[in-house]
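Novice: Task: produce atomic coordinates for the following.
(one chain, ligands or ions: 1)
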Amino acid sequence: MRSKHLLVGNWKMNLGPRQGSSYARQLRESITNLARTDVWVAPPFASLPIVATELKGSLLSVGAQNVHWAESGAFTGETAPSFLTELEATFALTGHSERRTYFGETSDQVAQRTAGAIAAGLEVIACVGETESERNEGRMEKVLEGQLNPVLAKLTQETAKSVIIAYEPVWAIGTGRVASLDDIRGAHQFIQRVWTSFNLPGSAVILYGGSVNPSNFADILALKEVHGALVGGASIKLEQWLDLVKIAEATPV
Ligand code: PEP
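Specialist: Alright, predicted model coming up:
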C-alpha cells in the first residue's frame, strides 16, 4: 500500500518539447503543496529531457510511456531503462492498451519490459484491461489474468514493491465512457486476488484509468479498492488536471 494517492498523467503523443516544457512550467508553478497525493507525468520520449529539467526540484515526478528491457542493442526505436534513469525519470508505463492494440505488444513482452525497468531502478505501472467484446462475452477475468500472470510471475518478494497495476478497460480509454463504480470495484478486487495467488508481499497498488475527469474522479477515488488514477485526456488540460489534484488532496487516503 502507498501512503498517498497516486495521480499519473499520460500525455500520449501530445505536447512536444516546446509545448511540453511550457506546460511543465505551468504545472511546477501551480502545484506547490501536496499532502495526500503523488503526482507523476509521462510525456512523450522527445519531450522527456526538457520536461524532466523543468520539473527538477518540483513536487512532480517524470516517467516514460514505455521502456525496453535491454540495456542496449539492436532495438531500433526503443529506449533502454538506463536512458530513463539518466534523465532522472523515476517510472515507466508498460502494456498500455494503445501499445498492445496498435503496436502488437504481447503480455510476455510487457512482462519483460516490466522486469527490465525494475532491475534498472524504475517503478513500473503495468497496464491491463479488457475490450468491450471480451467483457460482454464474460471473459474479463480470463483476459486480466492472461495479462497479469506473465508480469507477476517475473516478480520477486523484493521487486514486487516497484510495480503498480493500472486497470484500464479498453472501452473506457479516451471514449468519455467511464466504467461504473461496481465494474471498477469488481475488477480491482479480482486483480488483488490474482496478486495474492502469487504470494507476493503486501497487496497490489491499483490505479483506475479510463475517461477520468473532474466530474467522476471523487466517486472513483473514494472506493477503497482504488489507489489513484492513470489519466490521459484530462492530464493535458491544465484546469482539469489541477482539479483532479485538488480532488485527490481532498480525499482521505
Ligand atoms: C490513458 O491513456 O491511459 C487513459 C486512461 O486515457 P483517458 O483518460 O483519455 O481515457
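Novice: Could I get the full set of helices for the stretch 151-253 of the chain?
Specialist: According to DSSP state H, counting those that start in this stretch, the stretch 151-253 of the chain carries its helices in the segments 181-197, 217-221, 238-250.
Novice: Quick check: which of the ones you listed is nearest to A74?
Specialist: With CB to CB as the criterion, A74 lies closest to helix 181-197 of the helices of the stretch 151-253 of the chain, at 34.6 Å. Every C-beta, even on glycine, is put in place using the N, C-alpha and C of the backbone.
Novice: Touching, E134 and L144? I think so.
Specialist: No - because the distance of 9.3 Å does not satisfy CB atoms under 8 Å, E134 is recorded as not touching L144.
Novice: who has more neighbours, the two?
Specialist: Using other CB atoms under 10 Å as the criterion, E134 and L144 rank with L144 on top: 21 against 18.
Novice: related to what we said a few turns ago, do you know which of the helices of the stretch 151-253 of the chain lies nearest E86?
Specialist: Closest to E86 of the helices of the stretch 151-253 of the chain, according to CB to CB: helix 238-250, at 26.9 Å.
Novice: For that closest one, list the C-alpha coordinates in PDB.
Specialist: Taking Å, rounded to 0.1, in the frame of the first residue of the first chain, the C-alpha atoms of helix 238-250 are listed here in PDB:
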ATOM      1  CA  LEU A 238      -4.300  22.400 -17.100                       C
ATOM      2  CA  GLU A 239      -7.500  23.300 -15.400                       C
ATOM      3  CA  GLN A 240      -8.800  19.800 -15.400                       C
ATOM      4  CA  TRP A 241      -5.500  18.300 -14.200                       C
ATOM      5  CA  LEU A 242      -5.300  20.800 -11.300                       C
ATOM      6  CA  ASP A 243      -8.900  20.000 -10.400                       C
ATOM      7  CA  LEU A 244      -8.000  16.300 -10.300                       C
ATOM      8  CA  VAL A 245      -5.100  17.100  -8.000                       C
ATOM      9  CA  LYS A 246      -7.500  19.100  -5.800                       C
ATOM     10  CA  ILE A 247      -9.900  16.200  -5.600                       C
ATOM     11  CA  ALA A 248      -7.200  13.800  -4.600                       C
ATOM     12  CA  GLU A 249      -5.900  16.200  -2.000                       C
ATOM     13  CA  ALA A 250      -9.500  16.400  -0.500                       C
END
